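K.L.:
Need a 3D model of the sequence below.
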Amino acid sequence: MRMQASRASKVWALGFSSLLMASSASAVTAPSEADSSLSGIAASKIGIRTLRTEERESLTESLNSLAAGGQAAVKLDGRSGAPRLISGAPLMFTSSLTDATEDDYIRVARRYVEEHASELGFSPSDMKLNANATLLANDVQFVSFKILRNGIEIQDANVDFRFKNGALVQVANKSYSEAKVAAGADDHLDLQGVVEKALTPKSVAMTRELYRVVPEGRGYKLVRVAEFNTLTQNNKLYVVEVDAATGEMFEVRPTEFNFDGVAKGEVYERTYYKQKAVTLPYRDLYISFDGGGISTDGDGKFTGLPNKAEPAVKGFQGKLVNVEPSSGELVNVDGDKAGNSWTLEFKRSSNEDTSADKAMAQSMTFYHLNKEIQHAKRWINAKWLNKQLTANVNIEESCNAYWDGSTVNLFSAGNGCANTALIADVFYHEWGHGLHANTSGIDDRAYSEGFSDACALLLTRNNLVGPGFRLSNGAPVRDLKTMKVYPKDSNTEVHQEGLIIAGAYWDLFVELKAQHGEDKAVEVLSNFVLKSIFTTHSYTDVYDALLTIDSKSGKSNDKSENFCSINKSFSRHGLAKLDKTCDAT
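P.N.:
The predicted structure follows:
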């Protein structure tokens with residue numbers, strides 16, 4: 001029986017808000033406090049369910065057939081015993097792919113599953129390519145698939161194929177093929193009615209049906225749910241999932257020329273707090289004139305301006321970043337001509353409060369989001385990096401910022417907090433959520449928070465995230481030196497839980513800096529952080545992925561140049577077992 005279709009025509013795009021102060025209440029993590037519409041729903045149903053598997057080394061040789069020549073190292077699911085991570089060099093008797101296309105890697109992945117369908121428990125027909133999570137770099141290549149059951153996607157199920165120099169060396173198998181579909185009565189007849197009765201929303205629209213993986217006994221079961229986008233009477237947006245068999249609520253989660261020239265302007269190199277503004281070029285900025293427009297290059301320069309044209313900046317819009325102010329005046333800059341060259345220069349007003357300057361907020365956002373994008377492009381080629389990103393600034397709220405599924409959103413000053421668009425760390429973090437959502441997808445919210453803090457670290461090289469957030473004492477949002485350890489600190493507030501992986505990355509940066517110097521440490525860490533997000537779905541997946549990225553051969557027992565730095569850093573946070581060959585200090 002198919003599920004009842006939606007009676008509403010409005011489909012709401014939902015996303016994830018973030019970067020709340022650890023001491024403040026979060027509407028995302030505790031929506032019942034922010035929206036009275038949820039008061040009748042059990043607290044256990046509100047929030048995002050994150051599925052993490054505990055893995056152990058295989059104690060049997062029976063699974064060695066999963067690699068060519070019987071050389072597989074296999075990690076098993078600690079609950080069900082299913083193979084979760086398969087490592088070997090190579091896993092297939094094929095020569096390494098050279099000059100290969102994405103289709104070539106996809107074919108190898110599907111062939112591996114076809115040859116090992118009996119051990120893995122699924123077939124190529126159950127695999128749906130996650131194109132956004134494909135990475136083809138010089139040294140590593142990643143291909144990721146979503147898993148279907150009966151043609152329906154299993155939200156928590158993924159299979160990732162990791163290649164090293166063209167050879168398949170690792171398969172991360174989170175297919176949950178061993179899970180049985182939960183037994184139940186016929187489909188509940190009016191699933192939308194369940195949502196309407198529970199939330200009395202303004203609008204509700206069914207978007208899809210899917211399976212969710214739920215631990216049960218010594219294994220897992222699949223629960224089929226219907227997903228609805230819902231707007232409550234308090235104008236809060238939620239994704240609501242309802243058990244298709246029982247009609248019970250499963251999960252409720254939030255979304256909250258002839259002439260040339262140069263364009264440049266004042267920005268803070270990181271934050272308004274204890275820093276003086278400097279003048280830097282705006283790359284990829286649209287310059288308008290009557291009858292047309294041109295764009296600046298990577299150095300803020302432009303050429304080909306028509307003879308009689310008078311160039312101007314009418315808001316910070318560009319090829320990759322579009323800044324939309326929700327309050328305050330749109331920045332407009334007219335050009336000054338000297339000879340055959342034009343200069344367009346934004347200068348902040350000396351009359352504006354440095355912590356609240358709405359014009360400077362627009363300049364900061366445009367400059368630093370472009371900086372983050374260009375930094376990432378040195379290591380990855382995600383399709384999302386070439387799409388224009390909108391940033392809404394000077395929103396008439398305070399003390400927060402968030403990613404809503406498609407845009408970055410930054411708040412005005414107020415209530416003891418600075419304008420969050422005057423602190424580069426904040427939009428580095430929110431941009432990180434965007435990259436995560438547009439690569440492997442945000443399956444683990446705490447991981448997304450920690451990954452996004454790591455994105456800020458790559459550019460700030462500092463353990464403090466968001467200095468100057470609080471006006472009274474310049475306090476930051478978080479400190480990556482805060483010690484959080486898995487599993488003791490798991491299942492806590494997501495930003496605090498995210499410090500488990502963010503802290504591991506900070507410790508790794510410190511280790512790498514001692515080993516290589518700061519500049520090389522940033523390069524190595526950027527390679528790890530940005531590439532691993534394509535192939536990991538929880539922070540407990542990251543350690544094994546980093547070893548593959550860092551290895552030269554792809555063999556699981558090879559110890560790379562940075563092995564001990566990775567091992568020590570992650571073992572401190574409970575994400576790896578300390579190798580006896582590595583110094584624990």
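K.L.:
Over to His429: give its phi and psi.
P.N.:
In terms of degrees, to the nearest 10, the main-chain angles of His429 are phi -60, psi -50.
K.L.:
Ignoring the adjacent residues along the chain, who's closest to it?
P.N.:
Nearest residue to His429 in three dimensions, chain neighbours excluded: Ser452, at 4.4 Å (CB to CB, 6 or more residues apart in numbering). C-beta: built from backbone N, CA, C; applies to glycine.
K.L.:
can you pull the contacts of the one you found?
P.N.:
18-19, 428-433, 436, 498 (CB atoms under 8 Å, 6 or more residues apart in numbering).
K.L.:
distance of it from Val494?
P.N.:
11 Å (CB to CB, to the nearest Å).
K.L.:
Val529: what secondary structure?
P.N.:
Three-state assignment for Val529 (DSSP: H, G, I helix; E, B strand; the rest coil): helix.
K.L.:
Give me the residues contacting the helix or strand hosting Ala545.
P.N.:
Using DSSP states H and E, Ala545 maps to helix 542-550. Residues from elsewhere that reach helix 542-550 (CB under 8 Å, 6+ apart): 85, 87, 139-140, 162, 164, 169-170, 172, 447, 501, 504, 527-528, 531-532, 535-536, 554, 556, 560-563, 566, 570, 575-576.
K.L.:
can we see that at 7 Å?
P.N.:
If you take CB atoms under 7 Å, 6 or more residues apart in numbering as the criterion, helix 542-550 is touched by 85, 140, 162, 164, 169-170, 501, 527-528, 531-532, 535-536, 554, 560, 562, 566, 570, 575-576.
K.L.:
So which of the residues you listed are in strands?
P.N.:
85, 140, 162, 164, 169-170 (DSSP state E).
K.L.:
which one of these is nearest Phe250?
P.N.:
Leu85 (28.3 Å; CB to CB).
K.L.:
if I look at the closest one, how far off is Asp544?
P.N.:
To Asp544, Leu85 is 6 Å away according to CB to CB.
K.L.:
what do you get for Glu372?
P.N.:
27 Å.
K.L.:
Phe509: what's it in contact with?
P.N.:
The contact partners of Phe509, by CB under 7 Å, 6+ apart, come to 457, 521, 525.
K.L.:
Format these as a markdown table; extra columns: distance to Leu210 and neighbour count.
P.N.:
As requested, those are exported to a markdown table (distance: CB to CB, whole Å; neighbours: other CB atoms under 10 Å):
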| residue | distance to Leu210 | neighbour count |
| --- | --- | --- |
| Leu457 | 34 | 27 |
| Ala521 | 41 | 21 |
| Leu525 | 35 | 24 |
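K.L.:
would you list every one of the strands in the stretch 51-200 of the chain?
P.N.:
Using DSSP state E, counting those that start in this stretch, the strands of the stretch 51-200 of the chain run over 55-57, 73-77, 83-87, 127-129, 135-136, 140-149, 152-164, 167-174, 180-181.
K.L.:
out of these, nearest to Asn351?
P.N.:
With CB to CB as the criterion, Asn351 lies closest to strand 135-136 of these, at 47.9 Å.
K.L.:
mind listing what's buried in stretch 118-128?
P.N.:
The neighbour-count check on stretch 118-128 (16 or more other CB atoms under 10 Å) flags 119-122, 126-127 as buried.
K.L.:
Test my guess that Val194 contacts Gly247.
P.N.:
Yes: Val194 lies in contact with Gly247 (CB atoms under 7 Å); the separation is 5.2 Å.
K.L.:
so what does the helix or strand hosting Arg253 touch, helix or strand wise?
P.N.:
Assigned by DSSP H and E, Arg253 falls within strand 249-254. Packing partners of strand 249-254 (3 or more CB pairs under 7 Å, 6 or more residues apart in numbering; DSSP states H and E): strand 237-243.
K.L.:
What residues sit buried inside the strand it packs on?
P.N.:
237-243.
K.L.:
ok so, going back, out of the contacts of Ser452, list just those in helices.
P.N.:
Using DSSP state H, the subset of these located in helices is 428-433, 436.
K.L.:
Export those to a markdown table and append columns for pLDDT.
P.N.:
Formatted as a markdown table, the ones in helices among the contacts of Ser452 follow (pLDDT from 0 to 100):
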| residue | pLDDT |
| --- | --- |
| Tyr428 | 98 |
| His429 | 98 |
| Glu430 | 98 |
| Trp431 | 98 |
| Gly432 | 98 |
| His433 | 97 |
| His436 | 98 |
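K.L.:
Spell out the secondary structure type for Gly468.
P.N.:
coil.
K.L.:
separation between the closest residue to it other than its chain neighbours and Gly432?
P.N.:
Distances taken as CB to CB, 6+ apart place Tyr273 nearest to Gly468, at 2.7 Å, with adjacent residues excluded. Separation of Tyr273 from Gly432 (CB to CB) stands at 21 Å.
K.L.:
which one of these two has more residues nearby?
P.N.:
Gly432 (29 against 20; other CB atoms under 10 Å).
K.L.:
Relative to Tyr447, how far out is Lys347?
P.N.:
41 Å.
K.L.:
Likewise for Leu512?
P.N.:
21 Å.
K.L.:
What residue in this protein is the furthest from its centre?
P.N.:
Using CA atoms, centre = their mean, the residue of the chain lying farthest from its centre is Gly339. It sits 47.0 Å away.
K.L.:
Next, give phi and psi for that residue.
P.N.:
Reported as degrees, to the nearest 10, the phi and psi values for Gly339 are phi 70, psi -130.
K.L.:
domains for the protein, by residue range?
P.N.:
Here the domain parsing of the chain from automatic domain parsing is 16-49+181-254, 83-176, 259-400+408-414, 445-572.
K.L.:
Mean pLDDT lowest where, among those domains?
P.N.:
Looking at those, the lowest mean pLDDT belongs to domain 16-49+181-254 (a mean of 76).
K.L.:
Show the contacting residues for Ser175.
P.N.:
By CB under 7 Å, 6+ apart, Ser175 lies in contact with 120-122, 147, 157, 159.
K.L.:
change it to 8 Å
P.N.:
If you count contacts by CB under 8 Å, 6+ apart, then Ser175 has 120-122, 126, 147, 154, 157-159 around it.
K.L.:
is the nearest residue to it once chain neighbours are set aside in a bridge, and if so with what?
P.N.:
Spatial nearest neighbour of Ser175, excluding adjacent residues (CB to CB, 6+ apart): Ile147 at 4.7 Å. Judged by DSSP bridges, the bridge partners of Ile147 are Met127.
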